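[1] got a sequence here, can you build the structure:
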Amino acid sequence: MQNVTFERIQKDISESDIVLYMKGSAAFPQCSFSALAVQILSQLGVLFKEINILEEKEIRQGIKDFSNWPTVPQLYIKGEFIGGSDIMHEMYVSGDLQQLLDNKNITYNKNIA
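    Predicted coordinates:
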C-alpha cells in the first residue's frame, strides 16, 4: 500500500508547481498551522494545489513517511520539500521564500511588505 501512496504523492508534487498538504482546505483550514501556510501563500499570490490530508488516512500518514517529516502542513515547490508552516514563516519573513520562488521561476506578488 505504501508504494501506491508514494506514487500518488510523487504524481501530485510533480504535476503542480506548488503543493500544500494540509489539514482542511484553503477556504477552511482545520488547524492554525495550516491556516498560517495558506495565509503566506495567499499573501504571495501564488497558485497552489491543496491536498486535505484529513480526507484519506493513507495520505495522512503517507505524506509524513514520504518526506520523513512528522507534521503537517507540508509545502512542496517544483517537487522540492520545503517544510512546514514554521519554516515557511521564517523563509517568508527573511525573504528566502520569495528568493526560492524567483529561482524556481514562479510568479508571485512582489508588492508585499
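[2] which parts of this protein are helices?
    Read by DSSP state H, the chain holds these helices, from start to end of the chain: 2-15, 32-44, 57-67, 85-94, 96-103.
[3] packing partners of the shortest one?
    Using 3 or more CB pairs under 8 Å, 6 or more residues apart in numbering; DSSP states H and E as the contact criterion, the elements in contact with helix 96-103 are helix 32-44, helix 85-94. (Each C-beta comes from the backbone N, C-alpha and C, glycine too.)
[4] and the nearest residue to residue 31 once chain neighbours are set aside, how many neighbours?
    Nearest non-adjacent residue to residue 31, counting by CB to CB, 6 or more residues apart in numbering: residue 23, 4.6 Å away. Neighbour count of residue 23, defined by other CB atoms under 10 Å: 18.
[5] now do residue 52
    When neighbours are counted by other CB under 10 Å, residue 52 registers 19.
[6] now it: how far from residue 29?
    The span separating residue 52 from residue 29 equals 10 Å under the rule CB to CB, to the nearest Å.
[7] one more: residue 76?
    As it turns out, when the distance is counted by CB to CB, residue 76 lies 17 Å from residue 29.
[8] do residue 51 as well
    Relative to residue 29, residue 51 is positioned 13 Å away (criterion: CB to CB).
[9] do residue 111 as well
    Note on residue 111: its distance to residue 29, by CB to CB, is 25 Å.
[10] who has more neighbours, these two?
    residue 29 (20 against 6).
[11] partner residues bridging the more buried one?
    With DSSP bridges applied, residue 29 shows beta-bridge pairing to residue 24.
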